[in-house]
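Colleague: please work out how this folds:
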Amino acid sequence: MDPAYATSEGRRAAESRMTSRVEIRRKTGRTTQDETTGYEVPVWDTIHTDLPARFPPERGGPGKSRTVDIGGAEVTLALREMHVPWATEDLATGDYALVTAGRSAGSVWRLVEAGAPADQSTAYRLDVVEEDKPVEW
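Modeller: Sure, this is the predicted structure:
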C-alpha cells in the first residue's frame with residue numbers, strides 16, 4: 001500500500017473520532033474597559049471556531065506531566081492531550097481552547113506547546129492543561 005494513501009486514510013479516520021468542537025482564542029496584548037466593572041481587561045482574538053477536537057483517554061501507565069518554574073518554585077502540571085485535524089494552522093503556545101461541544105463542553109484548556117505537527121501523523125497532537133475560564137469571556 002502506498003504510504004501517502006495510508007497516511008491520508010489514517011487522517012480521515014482520526015478526524016472522524018474528533019467529536020468535540022473547540023474555539024481557539026489568543027490574547028492580543030491589547031486591553032479594553034469592561035462596561036460593567038470599569039476594569040481594564042485583556043482583548044482576545046478568536047483564531048478558530050468550530051474546530052474538531054478529541055481528548056483521548058490517557059494511555060496505560062503514568063500520565064504526562066511537565067515541571068515548570070513559577071516565581072522560583074517548581075510546579076508539576078498534569079497534562080492532557082488534545083487532537084485536532086493534522087492540517088490545522090495558526091496555533092501558538094499559550095492559546096486557549098474553549099470546548100463548545102462534546103463531553104467536556106465548557107472546559108478551557110491552555111496549549112502548553114504548539115510546534116509543527118509530525119509529517120506522517122494522523123492528527124495534530126497538543127499537550128494542554130486545564131485552566132479556569134478567563135473572567136473577561
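Colleague: what about this structure, any weak spots by pLDDT?
Modeller: Low-confidence segments of the chain, defined by pLDDT under 70: 1-5, 58-63, 65-66, 68-70.
Colleague: show me where it has its helices.
Modeller: Assigned by DSSP state H, the helices in the chain fall at 3-16.
Colleague: quick one: the strands in the chain?
Modeller: Secondary structure of the chain by DSSP state E: the strands cover 20-33, 40-53, 65-70, 73-78, 80-85, 96-101, 108-113, 123-131.
Colleague: now the second one: buried residues?
Modeller: The neighbour-count check on strand 40-53 (16 or more other CB atoms under 10 Å) flags 44, 47-48, 51-53 as buried. Placement of C-beta: from N, CA and C, glycine included.
Colleague: tell me who's in contact with the closest residue to residue 114 other than its chain neighbours.
Modeller: Nearest residue to residue 114, sequence neighbours excluded (CB to CB, 6 or more residues apart in numbering): residue 91, at 4.3 Å. Contact analysis of residue 91 by CB atoms under 8 Å, 6 or more residues apart in numbering lists 24, 47, 84, 111, 114, 124, 126.
Colleague: need these in JSON lines with distance to residue 133, can you?
Modeller: Putting the contacts of residue 91 into JSON lines (distance: CB to CB, whole Å) gives the following:
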{"residue": "24", "distance to residue 133": "14"}
{"residue": "47", "distance to residue 133": "17"}
{"residue": "84", "distance to residue 133": "20"}
{"residue": "111", "distance to residue 133": "15"}
{"residue": "114", "distance to residue 133": "20"}
{"residue": "124", "distance to residue 133": "23"}
{"residue": "126", "distance to residue 133": "19"}
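Colleague: fine by me, thanks again.
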